[in-house]
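no FASTA, just this:
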């Protein structure tokens, strides 16, 4: 672990975490109340019991199979700081594994398509670079609009360093949300079975995006996931993903508190059975409950010590369980933090280490 000592770390962590308190749980008014009967809802949660899968030697989480997406269409084309910009769309190949959820899943028609915003660099390749690397960015909760992701990942800087960039849109975000710019309800404490399926879909569509980009000629793809995007990146690392690296910034690792049942969201009391079945269902999509198949030497994690949205203890547990050696902690909260230079040096140093920077003088 690399942590830069800071004289006022305790104060900075406390102060930096104060704004995070506003987002430590999704407000009830942004969530649709569940009107199911208690027994029906518990039965749907029980579908994800560990025994159901372990006894058959299967995992709930799985990657899309068959041919890469072929029905990829260009929805929009434009330019961005000299780069060619395309909005790509292809049908999501995912269907819920719990058949009872199929009508609800397909009724959310906007979410049945996957979106990827691709930025293609127009600068000449150096003679020493046989191909152009691409950074695939996976946004956080509520940050799915490309305008937000562009700022979050500093796309203009990445382009100036010679890379191509792609922005993956998670389920129920931006154009995948029929009510956008309304609440982007991928996390549903009132409907954990659907939340579990949405993460299954996110992993499926992310892998299809990687395969689609590979089909387009990208031989070196690195991934950065931030916050909820870090959660998805952590899940993807449980497979031998065809990536050059996986970088996680302030990753969400444990969603149990966000998705714990609240009596205000149901027409029935939240009893011990409901709480226990919710916990067990969430194990199907918990990064700490998954095997680790991706090369840990190609993984890096940056966490914030005072983060209350994505607590550092969960990041530490994940790093320890996976055996990740490239780990950095920064002083401060999720959004308000110090040591920005350390975080930036870690990210750009990681890119340089993997030969993704083709124009090193572009960033001063």
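That came through, no problem. Predicted model, so just to flag it, every value in this text is computed and none were measured. Numbering: from 1, shown residues only.

From the centroid of the chain, which residue is nearest?
residue 229 (1.9 Å; CA atoms, centre = their mean).

Against which helices or strands is the helix or strand encompassing it packed?
Per DSSP states H and E: residue 229 is located in helix 228-236. Secondary structure elements in contact with helix 228-236, counted by 3 or more CB pairs under 8 Å, 6 or more residues apart in numbering; DSSP states H and E, are strand 134-138, helix 192-215, strand 221-226, strand 245-249. Heads up, the C-betas are built off the backbone N, CA and C, glycines and all.

Including mean neighbour count and distance to residue 296, could these go into a markdown table?
Output for those, formatted as a markdown table (neighbours: other CB atoms under 10 Å; distance: least, CB to CB, whole Å):
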| stretch | mean neighbour count | distance to residue 296 |
| --- | --- | --- |
| strand 134-138 | 26 | 19 |
| helix 192-215 | 23 | 19 |
| strand 221-226 | 25 | 15 |
| strand 245-249 | 26 | 10 |
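
Format those as a markdown table; extra columns: distance to residue 71 and mean pLDDT.
Output for the helices and strands packed on helix 228-236, formatted as a markdown table (distance: least, CB to CB, whole Å; pLDDT from 0 to 100):
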| stretch | distance to residue 71 | mean pLDDT |
| --- | --- | --- |
| strand 134-138 | 20 | 98 |
| helix 192-215 | 10 | 98 |
| strand 221-226 | 21 | 98 |
| strand 245-249 | 28 | 98 |
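
What distance do you get for residue 145 to residue 320?
Separation of residue 145 from residue 320 (CB to CB, to the nearest Å) stands at 35 Å.

out of the helices and strands packed on helix 228-236, which comes closest to residue 48?
helix 192-215 (5.7 Å; CB to CB).

what's next to the helix or strand in which residue 106 is found, contact-wise?
Per DSSP H and E, residue 106 falls inside helix 102-107. Outside helix 102-107, the residues that touch it by CB atoms under 8 Å, 6 or more residues apart in numbering are 95-96, 112, 194, 197.

swap the cut-off to 6 Å and go again
The contact list for helix 102-107 (CB atoms under 6 Å, 6 or more residues apart in numbering) reads residue 96.

before we move on, back to that, for the helix holding residue 229, what does the pLDDT average out to?
For helix 228-236, mean pLDDT is 98.

now the angle from it to helix 192-215?
For helix 228-236 against helix 192-215, the angle by axes from the mean of the first three to the mean of the last three CA atoms, to 10 degrees is 80 degrees.

Give me the distance from stretch 334-344 to the chain's centre.
20 Å (CA atoms, centre = their mean, to the nearest Å).

List the buried residues of that stretch.
By 16 or more other CB atoms under 10 Å, the buried positions in stretch 334-344 come out as 334-335, 337-339, 342-343.

about what we covered before: more crowded one of residue 145 and residue 320?
residue 145 (18 against 12; other CB atoms under 10 Å).

Phi first, then psi, for that one.
Note on residue 145: its backbone torsions stand at phi -60, psi 130 [degrees, to the nearest 10].

What score does residue 239 have for pLDDT?
96.

swap that for residue 14, sorry
Looking at residue 14, its pLDDT reads 68.

any chance you could map the strands in this protein?
Along the chain, the segments classed as strands by DSSP state E run 2-3, 73-80, 83-91, 113-120, 134-138, 164-168, 221-226, 245-249, 299-304, 326-330.

I'd assumed residue 294 was in contact with residue 237.
Yes. When contacts are counted by CB atoms under 6 Å, residue 237 is listed as touching residue 294 (4.0 Å).

Overlap in contacts, those two.
The contact sets of residue 237 and residue 294 do not overlap (CB under 6 Å, 6+ apart).

Looking at those two, which is more packed in?
residue 237 (27 against 20).

Next, that one: phi, psi?
Main-chain torsions, residue 237, degrees, to the nearest 10: phi -70, psi -10.

Next: residue 96.
Here is the backbone geometry of residue 96 (degrees, to the nearest 10): phi -60, psi 140.

contacting residues around residue 359?
Counting by CB under 6 Å, 6+ apart, residue 359 touches 161-162.

what about residue 132, neighbour count?
Neighbour tally, residue 132, other CB under 10 Å: 18.

do residue 86 as well
Other residues near residue 86 come to 15 when the count uses other CB under 10 Å.

and it, what does it touch?
74, 77, 118.

Equivalent analysis for residue 244, please.
Counting by CB under 6 Å, 6+ apart, residue 244 touches 220, 222, 354.

Ends of stretch 150-159, what's the gap?
End-to-end distance for stretch 150-159: 11 Å, by CA to CA, to the nearest Å.

Pull the distance from that stretch to the chain's centre.
17 Å.

For that stretch, buried residues please.
Residues 150, 152-155, 158-159 are the ones in stretch 150-159 that count as buried (16+ other CB under 10 Å).

What count of nearby residues applies to the closest residue to residue 111 other than its chain neighbours?
Leaving aside its sequence neighbours, residue 111 sits nearest to residue 176 (CB to CB, 6 or more residues apart in numbering; 4.7 Å). Number of residues near residue 176 (other CB under 10 Å) recorded here: 23.

circling back: might you quantify the distance of the helix holding residue 106 from its chain's geometric centre?
The answer for helix 102-107 is 23 Å, by CA atoms, centre = their mean.
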